[in-house]
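Student: Coordinates for the following, if possible.
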Amino acid sequence: MSSPNVTGSGMNDLARHSGVEPFSWLESASREEMLRAVEALYRVHSLLGALSDLDILLERIGQECRNLVGAEAASVMLYDDRSDELYFRVAMGDSGDQERLKKMVRLRRGQGLAWAAADGLQAVVSNNAQADPRFFSVADTITSFQTRNVLAVPMRDGGRLVGVLEVVNKQGGQSFTPLDIHVIEMFSRVAAAAVINAQLIERQFETERLAAIGKAIAGLAHHIKNIVTGLSSSSELIGMALEQGNTDLARQSWPVLRRSVQRVASLVQDLLTFSKDRAPVRRPCDPAALVRDVCDTMAGLMAGRNIQIRTNTDNCSGLAMLDVDGMYQCLLNLVQNAADAVPPGSGIVEVSAATLPDGTVVFEVSDNGAGVPDTVQPHLFEPFFSTKGGAGTGLGLATTAKIIREHGGEIALVRQSPGACFRITIPPDRSVSVAAAAGENET
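Tutor: All right, here's what the predicted structure looks like:
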């Protein structure tokens, strides 16, 4: 950024832009002081406008305050409207225990030079702080810091108190100057607006986070309740059968108990997979064999529902570097969903794999079911979203998408009539050749 033209009128324009009345005393400031102030303020305008993380923003505000006037220490205090107190959110200096200050000190109304500035709606300067009755000496006691002089400026957004900026101990044993005061006053207006903006964004993120947690808890609670119902009813029936010596009733109830236990295990596995980031453990894999393994696993379920399951691996050749367990889980999830979507007796599920010339592997799972409604498609890969009611965890597709992303791949719903088709695209892993990895596995 080029240096701004440093003139009295230019500085007055910046003052007007920052909400502070123009000041004629600039004529008494040296050209170097004016240049330093104007460059710093232009930098601050661009800096604060780009920051939305409140913690980072406040740290930058403290640093810039200190640099603007050449102070040994600086602090940013925010206003707590519930307790009507000021508290240290940022405290930085060359010495002293600043962390203890943030943890232990809250200023009630009327305490310290900070409240003098906040109540008076203007900057307060004390160039002999130890002799000033308004000075709050407890802070020095806590931090083992020796305060000589203080410049405190309120941060206000319209009529609202946001906080107070303080700079402490002008370097070189000097006093704070009129230029220091007005520069910090201008800065405080910019800082207040930036803090308000960051606080709004922080509250929005917190609201969204709580909403996501609530949705997750509701989804889990509903699913767990259904599992517990199955466990309770089947265990009661088995208990009754054991008391009566009724082995037929015990045999009838056992499959329900077993399915409920399997659902618990499946839920736990989905939660673990979804909640923990991991790098794929790649090893040479035959995509065609992977498809056959998944279809063999589902063969019994498909036969019981009289659903045809077909494979197509004619365009699949050679090995690929894949996380075999992860991709197996992905394909199994998709095939299970397809089996649930097709009509028993006339349902068809097809699983295919193909290898492209550049080494990309493409898997597809298609069915002849009713398809995916337009209203459902945007939510397909969201956690805890399910169209199966109590029969699904809402984590299957979300977990599948996560595993595929970890491979650097993509999953998409391809429009098909009738039914639906999910396509997985996995790019080749260039970090190690398949042949080299296969050789290592053999040894």
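
Student: Low-confidence bits of the stretch 51-200 of the chain, can you list those?
Tutor: Filtered on pLDDT under 70, the stretch 51-200 of the chain yields the residue ranges 51-52, 94-103.

Student: Please report how far the residue nearest to Asn128 when sequence neighbours are not counted lies from Val138.
Tutor: In space, Asn128 comes closest to Asn149 once its chain neighbours are excluded; the distance is 6.9 Å by C-beta to C-beta, 6 or more residues apart in numbering. C-beta coordinates here come from the backbone N, C-alpha and C atoms, glycine included. Asn149 sits 18 Å away from Val138, going by C-beta to C-beta, to the nearest Å.

Student: Give me the more crowded residue out of these two.
Tutor: Taking other C-beta atoms under 10 Å, Asn149 and Val138 do not tie; Asn149 has more neighbours (21 against 14).

Student: Contact partners for the more buried one?
Tutor: For Asn149, the contacting residues are 125-129, 168-170, 175-176, by C-beta atoms under 8 Å, 6 or more residues apart in numbering.

Student: of these, buried ones?
Tutor: 125-126, 129, 168-170, 176 (16 or more other C-beta atoms under 10 Å).

Student: which pair in these spans the largest distance?
Tutor: Greatest spatial distance among the buried ones among the contacts of Asn149 (C-beta to C-beta): Val125 and Asn169, at 12.7 Å.

Student: For this structure, which segments count as helices?
Tutor: Assigned by DSSP state H, the chain shows helices spanning 8-17, 31-49, 54-69, 98-104, 112-120, 138-143, 178-244, 247-275, 287-304, 324-341, 396-406, 434-442.

Student: Output the contacting helices and strands for the shortest one.
Tutor: In terms of contact count using 3 or more C-beta pairs under 8 Å, 6 or more residues apart in numbering; DSSP states H and E, helix 138-143 is assigned the packing partners helix 98-104.

Student: and Arg251, how far is that from Val264?
Tutor: According to C-beta to C-beta, Arg251 and Val264 sit 21 Å apart.

Student: same question, Thr360
Tutor: Distance, Thr360 to Val264, by C-beta to C-beta: 37 Å.

Student: Next: Gly409.
Tutor: 30 Å.

Student: Comparing Arg251 and Val264, which shows the higher neighbour count?
Tutor: The neighbour count for Arg251 versus Val264, taken as other C-beta under 10 Å, is higher for Val264 (15 against 11).

Student: neighbours of Glu236, just the number please.
Tutor: 11.

Student: what residues are up against it?
Tutor: Glu236 touches nothing, counting by C-beta under 8 Å, 6+ apart.

Student: For Asp119, which residues are in contact?
Tutor: Residues near Asp119 by C-beta under 8 Å, 6+ apart: 109-110.

Student: Relative to Gly159, how far out is it?
Tutor: The gap separating Asp119 from Gly159 is 13 Å, by C-beta to C-beta.
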